[in-house]
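Colleague: Build the 3D model from these lines:
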Amino acid sequence: MGLLGMILAAVLVAVLLAIVIVKYLPLKLRWVASLLLLGATVFLVYKIYYGIMQPIIFNKNKVIKYAKVVDNLKIIRDAQVKHFEITGNYTKDKAGLIRFIDTAKLALTETKTIVEKENRGGGIIVDVEKRKTDTIGYEPVLKYFKGTNYKEMFKVPGVPGKEFDIEVGSVEKVQGLVVPTFFVKTEKASILKGMDASLIKQELEAGATDQIKGEFVSVGSLNEVTTGGNWPPFYDKKDSGKKE
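Modeller: Below you'll find the model as predicted:
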């Protein structure tokens, strides 16, 4: 029964009880009816209050749960991006990606503009500017994951024994140009298990711009070139100053 239905039922019951008390109940027993009516009123007020507050509490708790999941997805996303920068591919090897963070090194490059003489023939020599990129050193990938619990990044927070599902693929961005893709996801239902079933059902059908759409919390895509997640921007507010 919806909130409006409960309010209408409460009004109807109160009216019927009032009629019964006035018309049929002896005067000496009316105090009993009054106590019963008071108890029913308290119960209905509680049910109405709970009906109003339940979705608010649900939304507050789901955001707390989702935020922890999103944090892990961001770490996985950042690890995949670094893996792509160095190897040219993404990976679904979870243990391998952790080892990659521990051991891989990222080349540091420097690009300069140089001027070279170019002989155009016929005694014509011109100065031509060219850009030259040199490797000037290396830095450990681990540097980018200091302060994160990357060793546990594949575990879904709040869901014991559950890990994120990872898939890799490729997309032909333009004709002849095939670009690697990755997709990491976990089911909302397992994250929200134990909460109100009807509200979970609504959540799995969410489609508003300020909600995590669909049945999964995910990052990346197998159908398009993106490293974005399907969560709304407010999940990124705490690290909005960071650059990927």
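Colleague: for residue 150, what are its contacts?
Modeller: 75, 79, 98, 101 (Cβ atoms under 8 Å, 6 or more residues apart in numbering). Heads up, the C-betas are built off the backbone N, CA and C, glycines and all.
Colleague: Now for the second one, how many residues are close by?
Modeller: Spelled out, that is residue 79. Burial of residue 79 is recorded as 25 neighbouring residues (other Cβ atoms under 10 Å).
Colleague: what's the helix or strand for it?
Modeller: Assessed by DSSP states H and E, residue 79 sits inside helix 30-87.
Colleague: From the contacts of residue 150, pick the one nearest residue 196.
Modeller: residue 75 (30.1 Å; Cβ to Cβ).
Colleague: all helices for the chain, in order.
Modeller: For the chain, the helices defined by DSSP state H cover 3-24, 30-87, 94-103, 188-191, 197-204.
Colleague: Could you identify which of the ones you listed is most buried?
Modeller: Stretch with highest mean neighbour count among these: helix 188-191 (a mean of 17; mean count of other Cβ atoms under 10 Å).
Colleague: what comes into contact with that one?
Modeller: Contacts to helix 188-191, defined as Cβ under 8 Å, 6+ apart, come from residues 62, 65-66, 69, 156, 158-159, 162, 200, 203-204, 212, 214-217.
Colleague: picking up where we left off before, so what does the helix holding residue 79 touch, helix or strand wise?
Modeller: Contacts defined by 3 or more Cβ pairs under 8 Å, 6 or more residues apart in numbering; DSSP states H and E place helix 30-87 against helix 3-24, helix 94-103, strand 105-121, strand 177-187, helix 188-191, helix 197-204, strand 216-221.
Colleague: show me where pLDDT drops low in this structure?
Modeller: 1-11, 13-15, 17-34, 46, 49-50, 238-244 (pLDDT under 70).
Colleague: can you list the domain ranges for it.
Modeller: 3-51, 69-239 (automatic domain parsing).
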